[in-house]
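1. Based on what follows, work out the 3D shape:
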Amino acid sequence: MQSAMRTSRAAPRSGVTAIAGLLLTVLLAGCGSSTAKDRGWTVQDPLWSPLPQSTAQASAAEARAVAIARALGIPGSPSAVHRERDMLRGVDYDSVEFLSAAGETTVMELNPETHAPISIVRLGPPNPNERAVVNAASAPGRARAFAAILGLTLPDTAPQVRWQPGLDAWEIRWGRVIDGHPAVGEGTTVDLSAGGTFQAVTVTGTPAAPVPANPIPSSRASEIAAAFATQRQLTTRSGFAQAAPELMWVRPNNFLDPAGSDAPEPLLRLAWSVTFTYVAVAGEEPSQTVIWISAADGSLLGGTETA
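-> Numbering: from 1, shown residues only. A predicted model of the protein is given here:
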């Protein structure tokens, strides 16, 4: 079964009611407060917002959606097209659903300007009678063929390939690289059933800020990270270690400032990423804290943490 994380509106049929209830709760919670535009998006705000769309725009999006569905072998007729904004991802899209006679639902999100796919998800398990013909070696080639049908450009590098037992699908992922540096969480992912049937695609391509004219050196980033670790008393933890800085593109978040927006900024910035490893609880696996240091001026842009 495809993951609900593939798209903000999609969920397995068994979870549609629960998700609908959650969305209603969130929508109502956001109605009586100041807007996300004024203070930044928080979890109390709506997850999505409707956008205006002309009849011509809806017709063009529907035509593209139907063409995609037929090319991928997706059954069913299209629903009405709705233009929306994902408030968490900061992405606008045209949403259309296909429902087959057998009850299979497919959800598409298309770029409003180019009609390129942002997300396509076939909900429900793959056909149990489908013969398994795809393996780790052949999955990338099959995924590239589907990407070509969708008009997606993939890098020449080898993708990450893994079997997802919970989804009954092969996951083939190409990470996004900008000016030689990886973009955290960005790229193209294609899911295939064991029989080679298309199951899902997700394309994440957040706009990026210009490369800093005079980025701070790695040594300066290490100094800033060391000062951070000392201030947060991470250096007193058992097994503490600080890794060398790595340049990558990130979306600044509120990891270091919980009062900020719960949604990451809708713009990638070049940063030095520094990982701290330590044992938080004796006898357990090491924990990690990652901070992002702006390559432009050394300011802290956020980060991540594992328990």
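2. Just list the residues touching the nearest residue to residue 181 once chain neighbours are set aside, thanks.
-> Nearest residue to residue 181, sequence neighbours excluded (C-beta to C-beta, 6 or more residues apart in numbering): residue 247, at 4.8 Å. C-beta coordinates here come from the backbone N, C-alpha and C atoms, glycine included. For residue 247, the contacting residues are 181, 215, 270, 271, 272, 273, 295, by C-beta atoms under 8 Å, 6 or more residues apart in numbering.
3. buried residues in the lengthiest helix in the chain?
-> Criterion DSSP state H: the longest helix present in the chain is helix 55-72. For helix 55-72, the neighbour count (16 or more other C-beta atoms under 10 Å) marks 57, 58, 60, 61, 62, 64, 65, 66, 68, 69, 72 as buried.
4. same thing with stretch 198-208?
-> Buried-residue list, stretch 198-208, by 16+ other C-beta under 10 Å: 198, 199, 200, 201, 202, 203, 204, 205, 206, 208.
5. contact partners of that stretch?
-> By C-beta under 8 Å, 6+ apart, stretch 198-208 touches 2, 6-7, 72-74, 90, 116-122, 126, 146-147, 150, 152, 167, 169, 176, 178, 183, 185-193, 249, 251, 266-270.
6. repeat that for 6 Å
-> By C-beta atoms under 6 Å, 6 or more residues apart in numbering, the residues outside stretch 198-208 that reach it are 2, 6, 72, 117-122, 146, 169, 178, 186, 188-193, 249, 267-268.
7. State the phi and psi torsions of residue 88.
-> phi -80, psi -50 (degrees, to the nearest 10).
8. So which residues of the stretch 51-200 of the chain form helices?
-> 55-72, 139-149 (DSSP state H, counting those that start in this stretch).
9. Switch those helices over to a markdown table; also include mean pLDDT and distance to residue 48.
-> Output for the helices of the stretch 51-200 of the chain, formatted as a markdown table (pLDDT from 0 to 100; distance: least, C-beta to C-beta, whole Å):
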| stretch | mean pLDDT | distance to residue 48 |
| --- | --- | --- |
| helix 55-72 | 97 | 16 |
| helix 139-149 | 97 | 26 |
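10. mind checking which of these is nearest residue 109?
-> Proximity to residue 109 (C-beta to C-beta) singles out helix 55-72 among these, at 9.8 Å.
11. What lies in contact with that closest one?
-> Against helix 55-72 from outside (C-beta under 6 Å, 6+ apart): 78, 81, 94, 96, 98, 108, 110, 115, 149, 198.
12. got the angle between it and helix 139-149?
-> 150 degrees (axes from the mean of the first three to the mean of the last three C-alpha atoms, to 10 degrees).
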